[in-house]
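K.L.:
need a structure here:
(chains A, B, C, D, E and F)
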Amino acid sequence: MKFSVLVSEGPYTHEAADTAYNFTKAALDKGHEIFRVFFYHDGVNNGTRLASPPQDDRNITARWTALAKEHDLDLVLCVAAAQRRGIADADEAKRNGKDADNIAEGFRISGLGQLIEAGIEADRLVTFGD
Amino acid sequence: MKFSVLVSEGPYTHEAADTAYNFTKAALDKGHEIFRVFFYHDGVNNGTRLASPPQDDRNITARWTALAKEHDLDLVLCVAAAQRRGIADADEAKRNGKDADNIAEGFRISGLGQLIEAGIEADRLVTFGD
Amino acid sequence: MSDAKRFLYVNRKAPYGTIYALESLEVVLIGAAFEQDVSLAFLDDGVFELVKDQNTEELGVKNFSPTYKALGDYDVNKIYVEKESLEARGLTIDDLQHLTYEDEDDDWAEKDSIRVVTAAELAEIMEAQDIVLSF
Amino acid sequence: MSDAKRFLYVNRKAPYGTIYALESLEVVLIGAAFEQDVSLAFLDDGVFELVKDQNTEELGVKNFSPTYKALGDYDVNKIYVEKESLEARGLTIDDLQHLTYEDEDDDWAEKDSIRVVTAAELAEIMEAQDIVLSF
Amino acid sequence: MLHIVNKSPFERNSLDSCLQHAVKGSAVLLIEDGIYGAMKGTQKSGTVEAAAKDLKFFALSADLKARGIDQDRLIDGVEVVDYNGFVDLVAEYDKSQSWL
Amino acid sequence: MLHIVNKSPFERNSLDSCLQHAVKGSAVLLIEDGIYGAMKGTQKSGTVEAAAKDLKFFALSADLKARGIDQDRLIDGVEVVDYNGFVDLVAEYDKSQSWL
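P.N.:
Numbering: from 1, shown residues only, chains lettered A, B, ... in the order given. As a prediction, this is how the structure comes out:
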């Protein structure tokens, strides 16, 4: 079956970010297709490469990056939400006159339409939030 | 009177970030001293310079930076919380092997002890959170 | 519209205290371009989103409540507000913004977008959807 | 200790669902170095933080509950747990970790750190503080 | 003590918990979504009305106005303050507790 | 429909609201802090026990274990599932609604 996943909260602060990952991984392991994982609200904060969590805990961003590489996952950060919260790729940084970017490998920034499309194209859309 | 302020949530997502600013500004305007504003939990996300919020809305980080400049405010981001969430200054970026930093002007990164000290040194500590 | 999916946007949170009400509205506006069958539900503290005369000047944040008025222009005109949620909060329909749309099937007559429904009716509306997005 | 301020850390949230329980504990441990008069209160869902036998292996996050055991070594030994909050959640003191400290004024005898108090008693404890930090 | 409540009493237990732990003579300041607790004629009004015998209640004007809640909808005795009034309350009471 | 509740019923109104809107034959999956709603002998157990006549209840094992809540503390009839079971539930029911 084809799933889409919506992640609405940032890493570490709310368990939603963990549950979304564990769900996505289980779905892939069972042979389901993940059409897209869309990050909205504070969810975009999952896509920063500047985090250095404690060594004895999980690295949420690195985990997504690895899963994306392994399964060719489409990890999309909402551009409007990312602009509000300071998550940028090189293009966004340039366009907004910023001197640095912070997006992690495996993530891309795109519009909210990608969430609607994720709902339309998948058989199921599951939301993880606060 | 001498106040300290604790900000526990990030910008835009929770009103706490706005209330903390409005409270701090009002206290300064009334002639009180702000010993320190300490940002903990997702509060550290107030200190990124990479955000580009919509033009017709407030810019929460820029507002803090301006207030800090005007009143020589001590805006401290908790280092442990900042590491988890991907907020770094040049030193932190270097120390953690990151290729970029994102801290905004007027903020500094320091330890949790600065929160305890803020409680000890000030006459009042006010917390804004979720 | 036969291939259209039924999208329901569920709003359960008060405005301004958190960003969910505002960012939910942004999804609805973008989603309107996709020609799906769109409904909005306001229940629990979500009914506070539609209260009229919001004035954010003193708070210093953007007042996004006028945007609800634009929903009719985007063909978003099925706006369900839960009766029990209003009553628990001491509100009536008169406390809310008057949201309307022009009905193209009825000579563009101006009609009310808001329909007050009971919790039981809202439960059936939720059950009849293809996609439920919660904020 | 005459200049010490009375710090109360109030814990009202369940563990793991949000990070507040963990990051609150990090403040307490750092704060212990400052030689203040420290107390912890666990009420509402905060009482769940102290439930024993937490196992986070399947969840894939760090299990921080063993750290509570260390509080006694940091001279943090006034841990108030609210009776009404336990009862509402079907819990008793036996469901919680057994937290102890060695009393230097009593020949280092091992004593219980947790004191179950009523809401009324906890209200007076809160009122007697200089600083109340909430998580 | 000044108790600060910023959550809706319809959504969370923080106002209830605050009122169970506020001793006589304390003040309760309702801010952000907490201002809904100051409204009369709601399912929750009774709790605040009963507590108002022993506690002083305040509500933040910026948050009332943002939400379109007019002052005449508030429970009798709830005093409306602006941010300056908020600062004064923090100064007046020896400490504050935020019911997060 | 599969309803997903991730908040403690002691702290928030989301479980209550979910149960008021779940039609007969629906399933309710309790995850994260929502698993406390599956415990028996609490102030909230009665709500779930009553609803269990018309609805199927599930609780996520990873969240139960993390919180030290043993399976024998759960209300009769609540079925424990792991993440694989979570995926199966999403596939089995035609749609899901998260009560955020």
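K.L.:
State the distance from residue C:20 to residue F:13.
P.N.:
According to CB to CB, to the nearest Å, residue C:20 and residue F:13 sit 15 Å apart. Glycine gets a C-beta too; all of them are placed from N, C-alpha and C.
K.L.:
And these two? Which one has more around it.
P.N.:
Set residue C:20 next to residue F:13 and count neighbours by other CB atoms under 10 Å in any protein chain shown: residue C:20 wins out with 24 against 20.
K.L.:
show me the residues around residue C:18 that make contact.
P.N.:
Neighbour list for residue C:18: B:13, B:14, B:15, E:33 [criterion: CB atoms under 8 Å, 6 or more residues apart in numbering or on different chains].
K.L.:
can you put these in CSV and add pLDDT and secondary structure?
P.N.:
As requested, the contacts of residue C:18 are exported to CSV (pLDDT from 0 to 100; DSSP: H, G, I helix; E, B strand; the rest coil):
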residue, pLDDT, secondary structure
B:13, 98, coil
B:14, 98, strand
B:15, 98, coil
E:33, 98, helix
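K.L.:
Would you format these as TSV with neighbour count and distance to chain C included?
P.N.:
Supplementary listing: the contacts of residue C:18 in TSV, determined by neighbours: other CB atoms under 10 Å in any protein chain shown; distance: CB to the nearest CB, whole Å:
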residue	neighbour count	distance to chain C
B:13	26	5
B:14	25	6
B:15	27	5
E:33	28	3
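K.L.:
From these, list the ones also adjacent to chain A.
P.N.:
Among the contacts of residue C:18, the ones lying near chain A by CB under 8 Å from any CB of the partner chain are residue B:13.
K.L.:
Nearest to chain D: which residue in chain C?
P.N.:
residue C:18 (14.1 Å; CB to the nearest CB).
K.L.:
which residues does that residue bridge with?
P.N.:
Note on residue C:18: beta-bridge partners residue B:14, residue C:15, judged by DSSP bridges.
K.L.:
how about the one helix or strand residue E:48 maps to, does it reach chain C?
P.N.:
Using DSSP states H and E, residue E:48 falls within helix E:45-51. Yes - applying CB under 8 Å from any CB, one finds that helix E:45-51 is in contact with chain C at residue E:45.
K.L.:
Off-centre distance for that helix?
P.N.:
Here helix E:45-51 is found 11 Å from its chain centre; the criterion is CA atoms, centre = their mean, to the nearest Å.
K.L.:
now do stretch A:8-23
P.N.:
With CA atoms, centre = their mean, you get 10 Å for stretch A:8-23.
K.L.:
so who does the residue nearest to the spatial centre of chain E touch?
P.N.:
When CA atoms, centre = their mean is applied to chain E, the residue found nearest the centroid is residue E:30 (2.9 Å). Counting by CB under 8 Å, 6+ apart, residue E:30 touches E:5, E:6, E:15, E:37, E:38, E:57, E:58, E:59, E:60, E:63, E:78.
K.L.:
Give the buried residues for the lengthiest helix in chain A.
P.N.:
Across chain A, the longest stretch assigned as helix under DSSP state H is helix A:16-29. Judged by neighbour count using 16 or more other CB atoms under 10 Å in any protein chain shown, the buried positions of helix A:16-29 are A:16-28.
K.L.:
So for the helix or strand that residue E:19 is a member of, mean pLDDT?
P.N.:
Element membership for residue E:19, per DSSP H and E: helix E:14-21. For helix E:14-21, the mean per-residue pLDDT is 98.
K.L.:
That's all I had, so thanks and see you.
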